[in-house]
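Enquirer: Following is a predicted model, sequence given first.
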Amino acid sequence: MVKPRLKRHGKKQRVTYRIIAIDTQSRREGEAIRQVGFYNPRKDQTRLDVSAIVALLKEGAQSTQTVRDILKRAEVPEQVGINLQLKVKIKF
(Lines give C-alpha, C1' and ligand atoms only; values in the text may rest on other atoms or scores of the structure.)
Protein backbone atom coordinates (compact mmCIF):
# COMPACT_ATOMS: atom_id res chain seq x y z
CA MET A 1 0.00 0.00 0.00
CA VAL A 2 1.27 3.46 -0.86
CA LYS A 3 1.04 6.18 1.75
CA PRO A 4 1.78 9.93 1.61
CA ARG A 5 4.02 10.74 4.58
CA LEU A 6 6.86 12.99 5.71
CA LYS A 7 10.55 12.39 5.02
CA ARG A 8 12.98 14.28 7.22
CA HIS A 9 15.50 16.46 5.40
CA GLY A 10 18.07 19.04 6.51
CA LYS A 11 20.49 19.52 9.37
CA LYS A 12 20.09 19.29 13.10
CA GLN A 13 17.89 22.11 14.42
CA ARG A 14 17.17 23.11 10.77
CA VAL A 15 14.72 20.37 9.84
CA THR A 16 12.47 20.50 6.81
CA TYR A 17 10.28 17.74 5.47
CA ARG A 18 9.43 16.40 2.05
CA ILE A 19 5.98 14.96 1.54
CA ILE A 20 6.48 11.75 -0.38
CA ALA A 21 4.51 8.77 -1.62
CA ILE A 22 6.14 5.65 -0.22
CA ASP A 23 5.29 2.00 0.36
CA THR A 24 4.08 1.35 3.91
CA GLN A 25 6.64 -1.41 4.40
CA SER A 26 9.55 1.00 3.74
CA ARG A 27 11.33 2.90 6.46
CA ARG A 28 10.99 6.68 6.81
CA GLU A 29 14.22 7.44 4.97
CA GLY A 30 13.63 4.76 2.33
CA GLU A 31 13.36 5.28 -1.39
CA ALA A 32 10.30 7.31 -2.34
CA ILE A 33 8.01 6.47 -5.21
CA ARG A 34 7.29 10.15 -5.82
CA GLN A 35 7.81 13.50 -4.10
CA VAL A 36 4.51 15.38 -3.87
CA GLY A 37 5.28 18.31 -1.60
CA PHE A 38 7.47 20.19 0.85
CA TYR A 39 6.86 21.41 4.42
CA ASN A 40 9.03 23.78 6.46
CA PRO A 41 7.72 23.98 10.06
CA ARG A 42 10.11 26.79 11.06
CA LYS A 43 8.73 29.24 8.50
CA ASP A 44 5.37 27.49 8.16
CA GLN A 45 5.84 27.14 4.40
CA THR A 46 4.05 24.47 2.42
CA ARG A 47 4.34 23.61 -1.26
CA LEU A 48 2.06 20.87 -2.58
CA ASP A 49 1.52 19.10 -5.89
CA VAL A 50 -2.24 18.95 -5.43
CA SER A 51 -2.97 16.91 -8.55
CA ALA A 52 -0.50 14.19 -7.51
CA ILE A 53 -1.85 14.09 -3.94
CA VAL A 54 -5.45 13.87 -5.15
CA ALA A 55 -4.53 11.04 -7.53
CA LEU A 56 -2.91 9.10 -4.66
CA LEU A 57 -5.88 9.60 -2.34
CA LYS A 58 -8.39 8.58 -5.02
CA GLU A 59 -6.44 5.37 -5.60
CA GLY A 60 -6.97 4.48 -1.95
CA ALA A 61 -3.81 5.77 -0.25
CA GLN A 62 -4.22 6.58 3.45
CA SER A 63 -2.12 9.54 4.55
CA THR A 64 -0.56 9.87 7.98
CA GLN A 65 -2.18 12.15 10.56
CA THR A 66 0.50 14.82 10.14
CA VAL A 67 0.17 14.94 6.36
CA ARG A 68 -3.62 15.02 6.74
CA ASP A 69 -3.32 18.06 9.02
CA ILE A 70 -1.01 19.81 6.53
CA LEU A 71 -3.50 19.17 3.72
CA LYS A 72 -6.37 20.50 5.82
CA ARG A 73 -4.40 23.68 6.64
CA ALA A 74 -3.80 24.19 2.92
CA GLU A 75 -7.55 23.62 2.34
CA VAL A 76 -6.91 20.87 -0.23
CA PRO A 77 -9.99 18.75 0.66
CA GLU A 78 -12.34 21.72 0.18
CA GLN A 79 -10.77 22.67 -3.17
CA VAL A 80 -10.96 19.17 -4.60
CA GLY A 81 -13.95 17.68 -2.80
CA ILE A 82 -12.19 14.83 -1.00
CA ASN A 83 -13.16 13.56 2.43
CA LEU A 84 -10.05 12.98 4.56
CA GLN A 85 -11.03 10.75 7.43
CA LEU A 86 -8.79 8.72 9.66
CA LYS A 87 -9.40 4.98 9.57
CA VAL A 88 -8.85 3.80 13.12
CA LYS A 89 -8.09 0.20 13.93
CA ILE A 90 -9.40 -0.79 17.35
CA LYS A 91 -7.46 -3.53 19.09
CA PHE A 92 -8.92 -5.40 22.02
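Expert: Structure's in. What do you need? Numbers count the residues shown, from 1 in each chain.
Enquirer: Do a quick rundown of the helices in this protein.
Expert: With DSSP state H as the criterion, the chain has helices at 50-58, 65-73, 76-80.
Enquirer: Would you mind giving those helices as a markdown table with mean neighbour count and mean pLDDT added?
Expert: C-beta here means a position set from N, CA and C on the backbone, and glycine is covered the same way. Converted to a markdown table, the helices of the chain look like this (neighbours: other CB atoms under 10 Å; pLDDT from 0 to 100):
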| stretch | mean neighbour count | mean pLDDT |
| --- | --- | --- |
| helix 50-58 | 16 | 87 |
| helix 65-73 | 16 | 88 |
| helix 76-80 | 14 | 71 |
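Enquirer: Show the average pLDDT along stretch 12-32.
Expert: If you average the pLDDT over stretch 12-32, you get 85.
Enquirer: can you list contacts of it?
Expert: Identification of contacts with stretch 12-32 by CB atoms under 8 Å, 6 or more residues apart in numbering yields 1-10, 33-42, 48, 52-53, 56, 61, 67, 70.
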